[in-house]
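Colleague: after the sequence you'll find the predicted model.
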Protein chains: 2
Amino acid sequence: MEKYSEMSREQLLALKKELDQQYADIKAQGLALDMSRGKPGTDQLDLSMGMMQVLADGAELKCETGVDCRNYGVIDGIPEAKRLLGEISEVDPEHIIIYGNSSLNVMFDSIARSMTHGVMGNTPWSKLDKVKFLCPVPGYDRHFKITEFFGIEMINVPMTPEGPDMDMVEKLVSEDPAIKGIWCVPKYSNPQGYTYSARTVQRFANLKPAAPDFRIYWDNAYSVHHLYDEDQDFLLEILTECAKAGNPDIVYKFTSTSKISFPGSGIAAVAASKANLEDFRKYMQIQTIGHDKLNQLRHVRFFKNLEGVHEHMRKHANIIRPKFELVLDILNKELGGLGIGQWTTPKGGYFISFDSMKGCAKNIVAKAKEAGVVMTGAGATYPYGKDPEDSNIRIAPTFPSMEELEKAAYVFVVCVKLASVEKLLGE
Amino acid sequence: MEKYSEMSREQLLALKKELDQQYADIKAQGLALDMSRGKPGTDQLDLSMGMMQVLADGAELKCETGVDCRNYGVIDGIPEAKRLLGEISEVDPEHIIIYGNSSLNVMFDSIARSMTHGVMGNTPWSKLDKVKFLCPVPGYDRHFKITEFFGIEMINVPMTPEGPDMDMVEKLVSEDPAIKGIWCVPKYSNPQGYTYSARTVQRFANLKPAAPDFRIYWDNAYSVHHLYDEDQDFLLEILTECAKAGNPDIVYKFTSTSKISFPGSGIAAVAASKANLEDFRKYMQIQTIGHDKLNQLRHVRFFKNLEGVHEHMRKHANIIRPKFELVLDILNKELGGLGIGQWTTPKGGYFISFDSMKGCAKNIVAKAKEAGVVMTGAGATYPYGKDPEDSNIRIAPTFPSMEELEKAAYVFVVCVKLASVEKLLGE
């Protein structure tokens, strides 16, 4: 294939004519497709239908300590749920608190608590002139929305295939006491699918923050979400590394079963040092009468243990792996060698990250939308929705059917080509 | 019966000797009973076991708009859940947002949001020198814990059988812009079981607060929790009254199914003006990926409609009415005419409120504890745990079995008598 940047103006104009026609043909189809959110498909949800059954038909509804899960009590999770989520999180159950249906909600509440009450006895952030967070970019839009909502200044840190630029992280964190946290999706990151290297995790564990209340927000959303059985990324366990480094309190590790069982009807957990968990519990016991223990029991009864989870995740992988491969095939075939885009090839998680030529992402997403294909908004992967290069686009291949996905991916590549030609022609 | 206050010292000493013996006998039994929390009994929980079944066996899991309740989406509740909780709350579904499993959590979050972001565009409370709440007393301990947690100054307002002292409420609210809210349990109040009169509700609706961001926290926790079919309290619907009074935004009305279906596995709702709900939604869409829609569906499928709820609540009443009557009988028989205590006779809710002679409540609760009967801590029904008269004790009769309850109530009356005699003897 010839690189677009090496084409003459005449060649580009001819190409544009051809692409305009393709785009017009697509629009005429009146498509309505969605590659915007990391939503499991219906067939993935069907995998967990046994959850509807495990508490039916007169099942015992007491947890292993004899507490009736239907009644009040047990604020921080039934023991068997702590054990299951502990296994998923690779930490001891005593370092686990079980929450409700949304780990995002736990992250939000952690920031809210830090604003009003401070972290482990430190000054509440709402009393400080300035609070800042480091944001590896591209990253997860809903993380950035939380920090923006609380008026926290966000500083972009470039991502690499090894994780965030740790030279920059170490320098900023050690120099500026206003920096109180960093958002991390350390495994199969959103949107690139990168997994932090062992060296990166160790450097995180050994940070020397200027702020005593600095915390790493370690959102391990995709810890068991592999696409391949034989070729998986490995992530060093951060709590262990932090303890070794004499930094036991520096990290909050979040997880949930949203993309294991049911989005919206899963259970979430935090893994952290006992001192941090004490801080969480103080808030929890005022905030709530406790979380849904029947749903905790439902998860434990259905998955049983970590092996049950892995077995279940293999079924998810069998459904979504072909979707990732389909999109990657189309990107390779249609865009390979053209020099108008780069993309990641993740081994797990929910996303493919695409980088267009500078200044093209918004145009591509707008064109796709006009042709009936909804993508995540351009810029969404950056704080304040501002991608300085207007280049990154998140592709979420899981929700559409294979047939829909093929169409959507085709629309996408046509839009990429067209927007690139327009850019090169200076339009 | 002779009043204790009219007894001679000799009579009191003789009585004390007798009571000491009774108390020693009780302690020798090694009881372990609990009348402390408003927990449904196991037989009450059994009433909702159909909930375990309604989503099993291949049930349809889409809500009426066709959304798959297993997946992400629908941040503020599925339509049929809004309708059901709307019926329970006596407001249109468009004035309802459905939350997770704990209305207390929604109240907490409402205060947290007001602290960090303010109410409908007003200054965040964390930026103000002083924020105050009115607290009708005796009241619900967990309300007071929330306001205490956020450093909000609490002002006691005496309760009457008609509701809070409205002269005091009107005066304080109209004069002091630092007063931002009032905690209300308007029907079968916690702990007295009082229901606010129509006049009280109308005076609430017509408040003229000095603070534009003053809100009535109307925790309608016991709206359908009657003990008797034929003799029920009636509460005027506050949103309607506020709208009529030109005060549509002054109230947040909370409800939940915690004591209808399962404590901890119920669903909660807020009813409020559209402007208030917009304020709630702005926060929600950053805070969470949405609440558990399967549990919403579970409730709708099981209860179907308001008539289904009422039918279900009659079954609850059949279980707990004898418990209330048993305790009231023992109080009447054992303490009637002695002049050492007064108590309420509620027609619904979860509690009986007992007022001892001044300065006796702590001693009574301590004595009961020593004899193996856990009561709600004396003082818990007041802000900061401080009952200025050391007199109020909350009795929660629902959780123990009839047999346990009879024992516990007997222990309680002996402790009341003994503490009263000690008081009169100046011990």
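Modeller: Alright, I've got the coordinates.

Colleague: pretty sure A:Leu338 sits against A:Lys417.
Modeller: Yes: the criterion here is CB atoms under 8 Å, and A:Leu338 meets it with A:Lys417 at 7.4 Å. In this view, the C-beta of every residue, glycine as well, is placed from N, C-alpha and C.

Colleague: list the contacts of A:Cys360.
Modeller: A:340, A:390-391, A:416, A:419-420, A:423 (CB atoms under 8 Å, 6 or more residues apart in numbering or on different chains).

Colleague: distance to chain B added to these, as JSON lines?
Modeller: JSON lines is the format used below for these (distance: CB to the nearest CB, whole Å):
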{"residue": "A:Ile340", "distance to chain B": "32"}
{"residue": "A:Asp390", "distance to chain B": "24"}
{"residue": "A:Ser391", "distance to chain B": "26"}
{"residue": "A:Val416", "distance to chain B": "27"}
{"residue": "A:Ala419", "distance to chain B": "29"}
{"residue": "A:Ser420", "distance to chain B": "32"}
{"residue": "A:Lys423", "distance to chain B": "34"}
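
Colleague: from these, pick the one nearest B:Arg70.
Modeller: Ranked by distance to B:Arg70 (CB to CB), the contacts of A:Cys360 are led by A:Val416 at 33.1 Å.

Colleague: nearest residue to the middle of chain A?
Modeller: Nearest residue to the geometric centre of chain A (CA atoms, centre = their mean): A:Asn190, 4.1 Å.

Colleague: for B:Pro322, see how far away that one is.
Modeller: Computed as CB to CB, to the nearest Å, the A:Asn190 to B:Pro322 distance reads 56 Å.

Colleague: before we move on, the earlier item: restricted to strands, list the contacts of A:Cys360.
Modeller: Using DSSP state E to define strands, no part of the contacts of A:Cys360 is located there.

Colleague: mean confidence (pLDDT) on the helix ranked longest in chain A, please.
Modeller: In chain A, taking DSSP state H as the definition, the longest helix is helix A:306-335. Mean pLDDT, computed over helix A:306-335, is 98.

Colleague: got the buried residues for the helix or strand just after that helix?
Modeller: Toward the C-terminus, helix A:306-335 is succeeded by strand A:341-343 as the next helix or strand (DSSP states H and E). Neighbour counts over strand A:341-343 (16 or more other CB atoms under 10 Å in any protein chain shown) mark A:341, A:343 as buried.

Colleague: which elements pack onto strand A:341-343?
Modeller: helix A:306-335, strand A:352-356 (3 or more CB pairs under 8 Å, 6 or more residues apart in numbering or on different chains; DSSP states H and E).

Colleague: give the pairing partners of that strand; include direction for each.
Modeller: strand A:352-356 (antiparallel) (DSSP bridges).

Colleague: tell me which residues are up against the strand it pairs with.
Modeller: Contacts of strand A:352-356 (CB under 8 Å, 6+ apart): A:138, A:191-193, A:324, A:327-328, A:331, A:340-346, A:364, A:381, A:391-395, A:397, A:416, A:419-420.

Colleague: please work out the average pLDDT along that strand.
Modeller: 98.

Colleague: how about the residues of the stretch 51-200 of chain A near chain B?
Modeller: A:52-53, A:55-59, A:61, A:68-73, A:100-102, A:104-105, A:108-109, A:112, A:115-117, A:124, A:126, A:142, A:145-146, A:149-150 (CB under 8 Å from any CB of the partner chain).

Colleague: quick check on those residues: which are buried?
Modeller: Judged by 16+ other CB under 10 Å, buried ones among those: A:52-53, A:55-56, A:61, A:68-73, A:100-102, A:104-105, A:108-109, A:112, A:115-117, A:124, A:126, A:142, A:145-146, A:149-150.

Colleague: just the buried residues from the contacts of strand A:352-356, in PyMOL please.
Modeller: This is the PyMOL syntax for the buried subset of the contacts of strand A:352-356, where burial follows 16+ other CB under 10 Å:
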select buried, chain A and resi 138+191+192+193+324+327+328+331+340+341+343+344+346+364+381+391+392+393+394+395+397+416+419+420
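
Colleague: now A:Gln342, nearest residue through space, not along the chain?
Modeller: Once flanking residues are discounted, A:Gln342 sits nearest to A:Asp355: 4.8 Å by CB to CB, 6 or more residues apart in numbering or on different chains.

Colleague: you'd agree A:Val201 is up against A:Thr240?
Modeller: No: using CB under 8 Å, A:Val201 is not in contact with A:Thr240, being 9.6 Å away.

Colleague: looking at the two, which one has more neighbours?
Modeller: A:Val201 (23 against 14; other CB atoms under 10 Å in any protein chain shown).

Colleague: list the helices and strands the helix-or-strand element of chain A with minimal mean pLDDT packs on?
Modeller: Least confident helix or strand, chain A: strand A:33-35 with a mean of 93, by mean pLDDT, DSSP states H and E. When contacts are defined as 3+ CB pairs under 8 Å, 6+ apart, strand A:33-35 sits against strand A:373-375, helix A:402-424.

Colleague: and those as JSON lines, adding mean pLDDT?
Modeller: Shown next, in JSON lines, are the helices and strands packed on strand A:33-35 (pLDDT from 0 to 100):
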{"stretch": "strand A:373-375", "mean pLDDT": "96"}
{"stretch": "helix A:402-424", "mean pLDDT": "98"}
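
Colleague: tell me which of the ones you listed is the most buried.
Modeller: strand A:373-375 (a mean of 23; mean count of other CB atoms under 10 Å in any protein chain shown).

Colleague: distance from the chain centre to that one, please.
Modeller: Relative to its chain's centre, strand A:373-375 lies at 19 Å (CA atoms, centre = their mean, to the nearest Å).

Colleague: do you know how far the nearest residue to A:Ala409 once chain neighbours are set aside is from chain B?
Modeller: Spatial nearest neighbour of A:Ala409, excluding adjacent residues (CB to CB, 6+ apart): A:Ile330 at 4.2 Å. As judged by CB to the nearest CB, to the nearest Å, A:Ile330 and chain B stand 25 Å apart.

Colleague: sorry, back to before: who touches both of A:Leu338 and A:Lys417?
Modeller: In contact with both A:Leu338 and A:Lys417: A:Tyr4, using CB under 8 Å, 6+ apart.
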